[in-house]
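*Asks:* when you get a sec, could you give me coordinates for this:
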Amino acid sequence: MNQYQASDKVIIVDHPLIQHKLTLMRSRDTPAAEFRRLLKEIGLLLGYEATRDIALTNIEIETPLMRTTMPVLAGKKMCLFSILRAGDGLLQGLLELVPSARVGHVGMYRDPKTLEAVEYYFKAPGKLDERLCLVVDPMLATGHSAVAAINRIKQAGGKEIRFICLLAAPEGIEELGRSHPDVRLYTPAIDTGLNEKGYILPGLGDAGDRLFGTK
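*Replies:* Predicted structure coming up:
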């Protein structure tokens, strides 16, 4: 569908179940309740891939049969950042996968004339420099919202940051890579490009509107 290939910074998650669910989400006939359920399910599966290489440490435990040493997650609890409002759809799946995670929110809206991101809200847990930060937003279109949100997270102390989205446009990938070359991107699909209004083509429409039934 595009010229991009997987790399160490752009991870294309092509699992058949994710691709199947994504196709159902793309259909204009999929109702909001089904769209919401599918987004949550894909969020969990993408979270599995994005956390595949996180650090472990060993602790001593006692099973019903013997004492032994086994691995658990190391360090501070990770932080899941939702870019409001559509990011909350992916967030729910990630919270099912990692219920102990801390949650931050970045409120952004896109100026309809300039397509630039405008921040209206930010809330984050402490010690971000000691936490893996997973930033979620269904659509990486122009990349402006993602870049602005990551700028804000870095200002708050975030260092190890990964971005998870449902769909990405080449323009958004280039913008994210140019502004934050240290941030790894996880997405199941890279679409053709953007239309004149900054929407991803073929895309799935406005993810927030479809998620909350406000279109």
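
*Asks:* check which residues of the longest helix along the chain are buried.
*Replies:* With secondary structure taken from DSSP state H, the chain has its longest helix at helix 32-50. Within helix 32-50, the residues scored as buried using 16 or more other CB atoms under 10 Å are 35-47, 49-50. Just so you know, the C-beta spots here come from the backbone N, C-alpha and C atoms, and that holds for glycine as well.

*Asks:* can you check stretch 8-22 too?
*Replies:* Within stretch 8-22, the residues scored as buried using 16+ other CB under 10 Å are Val10, Ile11, Ile12, Val13, Ile18, Lys21, Leu22.

*Asks:* any idea what the closest residue to Ala189 other than its chain neighbours is bridged to?
*Replies:* Spatial nearest neighbour of Ala189, chain neighbours left out: Leu167 (5.3 Å); criterion: CB to CB, 6 or more residues apart in numbering. Per DSSP bridges, the residues bridged to Leu167 are Met139.

*Asks:* if I look at Leu167, how far off is Val183?
*Replies:* To Val183, Leu167 is 17 Å away according to CB to CB, to the nearest Å.

*Asks:* next: Glu34.
*Replies:* Taking CB to CB as the measure, Glu34 and Val183 are separated by 31 Å.

*Asks:* need the next SSE after the longest helix of the chain, C-terminal direction.
*Replies:* Next along the chain after helix 32-50, taking DSSP states H and E as the criterion, comes strand 56-62.

*Asks:* what residues sit buried inside the helix or strand following that next one?
*Replies:* With elements assigned by DSSP H and E, the helix or strand that comes after strand 56-62 is strand 67-73. When burial is assessed from 16+ other CB under 10 Å, strand 67-73 yields no buried residues.
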